[in-house]
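Chemist: here are the coordinates; sequence isn't available:
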């Protein structure tokens, strides 16, 4: 019998699955950043982060960030995180604020837990499948 996956294993598996989905979605939409030089892609990456921090509810900015991440991944390069340290810290602060709101509201917490469970169930099944390749 296989032991239940740890929260850390589930978290990492969810992150990897979401990252892979975002790359697939980016490719399916036509890799709009593929023609950019590395310098221009780095600028796009920095600008998209700044735009998202300035307007975090605008999902176009979020997609711009994810698309730049995907393009770097497809090129076999790491994104230039050093260019967006301030923006990453701002988004972490926002995530912490949202997390506190969720914890404080039984309704929001139940909704969040339900959605998270739906996301994690297929990943947990895969992690528990002895035939699955990691």
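Modeler: Received the coordinates, thanks. Source: prediction; values computed, not measured. Numbering: from 1, shown residues only.

Chemist: residues in contact with the residue lying closest to residue 44 once chain neighbours are set aside?
Modeler: Spatial nearest neighbour of residue 44, excluding adjacent residues (Cβ to Cβ, 6 or more residues apart in numbering): residue 68 at 5.5 Å. C-beta here means a position set from N, CA and C on the backbone, and glycine is covered the same way. Counting by Cβ atoms under 8 Å, 6 or more residues apart in numbering, residue 68 touches 33, 41, 44, 45, 48, 79.

Chemist: take those residues and keep only those in helices.
Modeler: 41, 44, 45, 48 (DSSP state H).

Chemist: I'd say the third one and residue 72 touch.
Modeler: I take that to be residue 45. Yes - when contacts are counted by Cβ atoms under 8 Å, residue 45 is listed as touching residue 72 (7.4 Å).

Chemist: which one of those two has more residues nearby?
Modeler: residue 45 (24 against 18; other Cβ atoms under 10 Å).

Chemist: not counting its neighbours along the chain, what's nearest the more buried one?
Modeler: residue 68 (4.2 Å).

Chemist: gap between that neighbour and residue 83?
Modeler: 11 Å (Cβ to Cβ, to the nearest Å).

Chemist: do the same with residue 126
Modeler: Taking Cβ to Cβ, one finds residue 126 at 34 Å from residue 83.

Chemist: what residues are up against residue 36?
Modeler: 44, 71.

Chemist: should've said residue 109
Modeler: Counted by Cβ under 8 Å, 6+ apart, residue 109 has contacts 102, 103.

Chemist: from residue 83, how far off is it?
Modeler: 35 Å.

Chemist: now do the buried residues in the host helix or strand of the residue nearest to residue 45.
Modeler: Per DSSP states H and E: residue 68 is located in helix 59-74. Using 16 or more other Cβ atoms under 10 Å as the burial criterion, the residues of helix 59-74 that qualify are 61-73.
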